[in-house]
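> Pasting the sequence and the predicted coordinates here, then a few questions.
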Amino acid sequence: GAQKSTARAFQTSSNSPRVPDFAFAFDIDGVLLRSSSPLPRAHKALSYLQEQGIPFILLTNGGGKSETDRVAELSKKLDVPLDLSMFVQSHTPFAQMVEGDGVQEGLRDKCIMVVGGDGDKCRQVAEKYGFRNVVTPGDIIVAHPSIWPFSYNFMDYYKKFARPLPRPIDAEDPSKSLKIDAIFVYNDPRDWAADAQIVLDVLLSSNGVLGTYSSKNNDPSLPNRGYLQDGQPPLYYSNPDLLWAAAYHLPRLGQGGFREALDGVWAAVTGGPQKGVDLHKQIMGKPYQGTYEFAEKLLISHRQALFPKASLPPLKRVFMIGDNPESDIQGGNNFKSPIGSEWYSLLLRTGVYQGGEPAHTPRAICDDVWDAVRWGLNSAG
Ligand code: G3P
Ligand code: MG
């Protein structure tokens, strides 16, 4: 398992530990790992910071398994002690939606559909967060194979992890039919076609009741082609990345690719936003303010835990090291810290970024993660 990361704070002449007023935030794919193998000097970068007692967190748009499993896997791969106190992945913030936050009602007992990831690993993550009524598109396909005409191709796969539905889809009596209260995309969908069809069914349904259409007038000649917008269950995406750095030498389509595909299908079927038929979605993850706020809160408590006895100087600067201008650099540049820290984004050449003028300007462009750590240390003085 992951050991507690230990830290020896900077030893000053008086030997009282001086805690640095800066820290690092590392993206994972394209910075520390490429697909699943460690990038050169990733171990050196992280272990050096730990030896020097300089706090850091990992902040990824990746996901698909529990934080505990992923941190243990990263610790092993990078040969560096890491733990939950320094790790944020794409769907980590979803855990806060179990109880709700006073504004948004808690979804603990609501029926949520979790989309994406391998098998039903993401359902297990959602249940570990505390969601108690989770279905997956695989459950629906096994219970109703005709919901997607080509599902027979993948039926053996789905049957390995599908669970019985809490309620069937009842085309005759909607009051008895399966009702989805919210849709969460936890990780990249593996079967975009079937997932898009089922997500579309829920979005077009009457208040999430599968097997129905929500339409005031069902008159396809009207601009919204008869589809009602209210009562549409919310759709939450955990990761906006259109592209990411996987094993292939060129960037690959990520969860943002599925989102764009679904937007296209939504527009074709309903007329879409141009015709005033909005698809209510909330996209989380880097580069968004909420994700960076969540990450900084974790960094502050992790830093506190590293130096339990020291009186900490306020955190003044965070070096955000990433490979994707759209998520890591844009997010780092735009983040407004509630505690007034300044985030400096550093762009690497080891991932999505392929040279040229990046769409979002970093403080520096570095060859790899060790160069970026050295840049940060020099700039921190
Ligand atoms: O699915 C993972 C991909 O979107 C990028 O992850 O670690 O580069 O934020 P990361
Ligand atoms: Mg990356």
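Done, it's in. Ligands and ions are numbered 1, 2, ... in the order given.
> Could you use CA atoms for every contact and neighbour count after this?
Fine.
> Partner strands of whichever strand or helix holds A23 and their direction?
According to DSSP states H and E, A23 maps onto strand 22-26. Applying DSSP bridges, strand 22-26 is found paired with strand 56-59 (parallel), strand 317-322 (parallel).
> outside of it, which residues touch it?
Residues from elsewhere that reach strand 22-26 (Cα atoms under 8 Å, 6 or more residues apart in numbering): 32, 54-60, 315-322, 380.
> so where does F294 fall, helix or strand?
Counting by DSSP H and E, F294 is part of helix 289-306.
> From the contact counts, what lies against that helix?
strand 56-59, helix 330-334 (3 or more Cα pairs under 8 Å, 6 or more residues apart in numbering; DSSP states H and E).
> how about the shortest one, does it get close to ligand 2?
No: applying Cα under 5 Å from the ion, one finds that strand 56-59 is not in contact with ligand 2, the shortest distance being 9.3 Å.
> right, is that strand up against ligand 1?
No: figure legend: strand 56-59 not in contact with ligand 1 (Cα under 6 Å from any ligand atom); closest approach 6.8 Å.
> following that strand, which helix or strand comes up?
helix 67-78.
> Any stretches of this structure with poor pLDDT?
Flagging of the chain using pLDDT under 70 yields the residue ranges 1-17, 215-230.
> Apply 50 and report the result again.
Along the chain, the model assigns pLDDT under 50 to residues 1-9, 11-15.
> Would you mind listing what in it touches ligand 1?
Residues of the chain lying near ligand 1 by Cα under 6 Å from any ligand atom: 27-30, 60-62, 241, 244, 254.
> if we go to 5 Å?
Counting by Cα under 5 Å from any ligand atom, the positions of the chain adjacent to ligand 1 are 27-29, 60-62, 241, 244.
> ok, the closest residue in space to D278 that isn't next to it in sequence - contacts?
In space, and not counting its chain neighbours, D278 is closest to G272: 5.9 Å by Cα to Cα, 6 or more residues apart in numbering. Neighbour list for G272: 224, 263, 266, 278-279 [criterion: Cα under 8 Å, 6+ apart].
> Can you get me a residue count around V199?
When neighbours are counted by other Cα atoms under 10 Å, V199 registers 22.
> Next: Y157.
As a burial measure, Y157 scores 14 neighbours (other Cα under 10 Å).
> and it, what element?
With DSSP H and E as criterion, Y157 is part of helix 155-159.
> Show residues contacting that helix.
Contacts of helix 155-159 (Cα under 8 Å, 6+ apart): 119, 138-139, 141-142.
> what's the farthest-apart pair in the contacts of G272?
N224 and D263 (15.0 Å; Cα to Cα).
> Those two - which one has more neighbours?
N224 (24 against 18).
> circling back to that earlier point, list buried members of the contacts of strand 22-26 by neighbour count.
Burial by neighbour count, 16 or more other Cα atoms under 10 Å: within these this picks out 32, 54-60, 315-322.
> What are the buried residues along stretch 265-279?
By 16+ other Cα under 10 Å, the buried positions in stretch 265-279 come out as 265-267, 270-272, 277-279.
> Just put the residues you listed in TSV and tack on secondary structure and distance to P166.
Listed next are the buried residues of stretch 265-279 as TSV, based on DSSP: H, G, I helix; E, B strand; the rest coil; distance: Cα to Cα, whole Å:
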residue	secondary structure	distance to P166
V265	helix	28
W266	helix	27
A267	helix	31
T270	helix	29
G271	coil	33
G272	coil	31
V277	coil	30
D278	coil	29
L279	coil	26
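> which among those are in contact with ligand 2?
Applying Cα under 5 Å from the ion, the subset of the buried residues of stretch 265-279 adjacent to ligand 2 is empty.
> and the residue of the stretch 51-200 of the chain nearest ligand 2?
Across the stretch 51-200 of the chain, the shortest distance to ligand 2 (Cα to the ion) belongs to T60, at 7.0 Å.
> Which stretches in the stretch 201-350 of the chain count as strands?
235-237, 243-244, 252-253, 281-283, 317-322, 342-348 (DSSP state E, counting those that start in this stretch).
> Distance to Y158 added to the contacts of G272, as a markdown table?
Listed next are the contacts of G272 as a markdown table, based on distance: Cα to Cα, whole Å:
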| residue | distance to Y158 |
| --- | --- |
| N224 | 34 |
| D263 | 25 |
| W266 | 25 |
| D278 | 31 |
| L279 | 28 |
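> Let me know the closest of those to D79.
Checking the contacts of G272 one by one against D79 (Cα to Cα), the nearest turns out to be D263, at 40.9 Å.
> burial count for S311?
The tally of other residues near S311 (other Cα under 10 Å) stands at 11.
> should've said G106
15.
> Do I have it right that it meets I112?
No: at 11.5 Å, G106 does not count as touching I112 under the criterion of Cα atoms under 8 Å.
> picking that back up, what's the next secondary structure element after the helix holding Y157?
As assigned by DSSP H and E, the chain's next helix or strand after helix 155-159 is strand 182-185.
> and that next one, how far from the chain's centre?
Its chain's average C-alpha position is 12 Å from that of strand 182-185, according to Cα atoms, centre = their mean, to the nearest Å.
> Sheet-wise, list the partners of it with their directions.
For strand 182-185, pairing defined by DSSP bridges yields strand 112-115 (parallel), strand 235-237 (parallel).
> For the chain, give the residue positioned nearest to ligand 2.
For the chain, Cα to the ion, closest residue to ligand 2: D29, 4.0 Å.
> is it true that that residue touches T350?
No: assessed by Cα under 8 Å, D29 is found out of contact with T350, at 9.3 Å.
> what residues are shared contacts of those two?
Residues touching both D29 and T350 (Cα under 8 Å, 6+ apart) are D323.
> For those two, indicate the residue with more neighbours.
Set D29 next to T350 and count neighbours by other Cα under 10 Å: D29 wins out with 27 against 23.
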